[in-house]
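Asker: let me see the structure of the following:
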Amino acid sequence: MNNIFDSHCHYDDHWFDEDREAVLERVLGEGSVVSYVNHAATDYESAMFGIKNAGRFKNFYTSVGFHPEFASVLPQDWENKLRELYELAAATGKLTAIGEIGLDYHYEGYDRDKEIEVFDKQLAFANEKGLPVIVHSRNASQDTMDLLKKHGSRGVIHCFSGSAEMARQAVGMGLYIGFTGVLAFGNSKKAIKALQEVPMDRLLLETDCPYMAPPPYRGQRCESPMIAEVVKVVAQQKDLSEQQVCDQTCENAKRLYGIK
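Answerer: Sure, this is the predicted structure:
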C-alpha cells in the first residue's frame, strides 16, 4: 500500500511536543506509505506552523483559517489576520484551502451567533480567493449546509459525522466528504451508511491526528500512516483493492486542493 494522502492532520498539537520533528521526518520521509499530508489550521499560531513546514517538506501542504471554537475570542482585526495568513501561505505555493472553519454546537457556552458570523465571513473570503474550504460541522448540520448553499462553496466536510442523507445532500452540492478512523470503530454503523452514499470520486481520507486512532491503535496517538486501517474498510465497502482506494482518494485530494 502506498500513495496515501492524509487530507487533514494537526501535527502542531501538544501530543507531538516531545518528538514532533522525528514524527514528521518518519511520516514524510522516503519509504513512508504517506505521499502527502495537509495541515488543517485552527488559529493564527496553527496556521504559522503550517506555513513554516510547508516550506520545509515538499509533501507538506497547509490551509489557513479559524476554527469555530475560537470564534468568540478572536481579536477585532481577525479578518486582517486571515488576509495576512493567506498572503504568507500563498507565497509558499502550498496553500490548499481556507480551513478549518465551520460550526460546533456540541459544547455549552459557545456563542452560536458569533460562530455563524465568522464562518459566513470565511466562506466569503474563500470564494474571493477562489479556494475550497475545510468544514468542521458538529451537531450543526442544518446551519452548516444552509451557509454552504448560500455561498455555493466548494470543499470538504471533514471528519464526517452526519447522516447518510446529509452525505447525499453534500455530494449533490459538489462537496467532498472526509472520513477518519471512525470508519473502523466497532460502533461505526452510521459512518458506514454515510460512506455508502459517497461516490469514490468525492471521498477523502484523513486522520485528524492526533485524534481518533483506528483499531488496533485505539487509545494511542494517531499518525498519518494509520490511515491504512481506514483504507481497508473503504476497500471492503466499495469492493475495491486497497491500492485502488489509496490512488483514488489521493487523486481526489490533489484535485480539490489544486496540487499538480
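Asker: which helices and strands sit right next to the strand or helix carrying Glu128?
Answerer: Here Glu128 sits within helix 112-129, counting by DSSP states H and E. Where contact means 3 or more CB pairs under 8 Å, 6 or more residues apart in numbering; DSSP states H and E, helix 112-129 is packed against helix 78-92, strand 95-104, strand 133-138, helix 141-151. Any C-beta I mention is one placed from the backbone N, CA and C, and that applies to glycine too.
Asker: 7 Å - rerun?
Answerer: For helix 112-129, the packing partners by 3 or more CB pairs under 7 Å, 6 or more residues apart in numbering; DSSP states H and E come out as helix 78-92, strand 95-104, helix 141-151.
Asker: report the buried residues of that helix.
Answerer: Buried residues in helix 112-129, counting neighbours by 16 or more other CB atoms under 10 Å, are found at 115-116, 118-119, 122-123, 125-127.
Asker: now swap in stretch 55-68 and tell me
Answerer: For stretch 55-68, the buried set under the neighbour-count rule, 16+ other CB under 10 Å, comprises 57, 59-68.
Asker: filter those residues down to the ones in strands?
Answerer: Mapping the buried residues of stretch 55-68 onto strands (DSSP state E) picks out 60-64.
Asker: can you give me the strands in the stretch 151-260 of the chain?
Answerer: Taking DSSP state E, counting those that start in this stretch to define them, one finds strands in the stretch 151-260 of the chain at 155-157, 176-179, 203-205.
Asker: for the longest one, name the packing helices and strands.
Answerer: Think strand 176-179. For strand 176-179, the packing partners by 3+ CB pairs under 7 Å, 6+ apart come out as strand 155-157, helix 164-172, strand 203-205.
Asker: packed most tightly, which of the ones you listed would that be?
Answerer: When the helices and strands packed on strand 176-179 are scored by mean count of other CB atoms under 10 Å, the highest mean neighbour count falls to strand 155-157 (a mean of 27).
Asker: what helices or strands is that strand leaning on?
Answerer: Packing partners of strand 155-157 (3+ CB pairs under 7 Å, 6+ apart): strand 133-138, strand 176-179.
Asker: quick one: these as JSON lines, columns for distance to Leu204 and mean neighbour count too.
Answerer: As requested, these are exported to JSON lines (distance: least, CB to CB, whole Å; neighbours: other CB atoms under 10 Å):
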{"stretch": "strand 133-138", "distance to Leu204": "10", "mean neighbour count": "27"}
{"stretch": "strand 176-179", "distance to Leu204": "4", "mean neighbour count": "26"}
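Asker: cheers, nothing more for now.
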